[in-house]
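# what shape does this take:
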Amino acid sequence: MYLSATTWTFSWGPPYDEALKIIARLGFKGAELTIWSDEFLQDYYTAETNKHLRSLMADLGKDYMTQLCDELGIEL
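Model (predicted):
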């Protein structure tokens, strides 16, 4: 079975580094990144941040699952 957790469970807003580390420590195989608003999308999910998050998740051995707001159309 493949279980993942969402970042907002552990951190209501960005940055999500610590939330991803908690998800990894708890043994989940993947993580869902949260986008609550346009401000999060514009201010936090920059190309640089997305690259960092991909790298962090790879270092933690976790898969990226999805975003909470897929319709916003960001590329991670």
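# going forward, measure contacts between C-alpha atoms and count neighbours the same way
Will do.
# what stretches of this structure score poorly on pLDDT?
For the chain, the stretches with pLDDT under 70 are 64-76.
# let's see that with 50 instead.
Under the criterion pLDDT under 50, the flagged ranges of the chain are 70.
# that one: helices as residue ranges?
Along the chain, counting by DSSP state H, helices occupy 17-25, 38-39, 47-59.
# most packed of those?
Ranked by mean neighbour count under mean count of other C-alpha atoms under 10 Å, the helices of the chain are led by helix 17-25, which reaches a mean of 18.
# name the helices or strands packed onto it?
Contacts defined by 3 or more C-alpha pairs under 8 Å, 6 or more residues apart in numbering; DSSP states H and E place helix 17-25 against strand 30-33, helix 47-59.
# partners of the residue most central in space within the chain in the sheet?
Centre of the chain computed as the mean C-alpha position; nearest residue by C-alpha atoms, centre = their mean is residue 33, 2.9 Å away. For residue 33, the beta-bridge partners under DSSP bridges are residue 67.
# looking at it, it is touching residue 6, isn't it?
Yes. Between residue 33 and residue 6 there is a contact under C-alpha atoms under 8 Å: 6.2 Å.
# can I get the helices of the chain in CSV with distance to residue 10?
Converted to CSV, the helices of the chain look like this (distance: least, C-alpha to C-alpha, whole Å):
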stretch, distance to residue 10
helix 17-25, 5
helix 38-39, 20
helix 47-59, 16
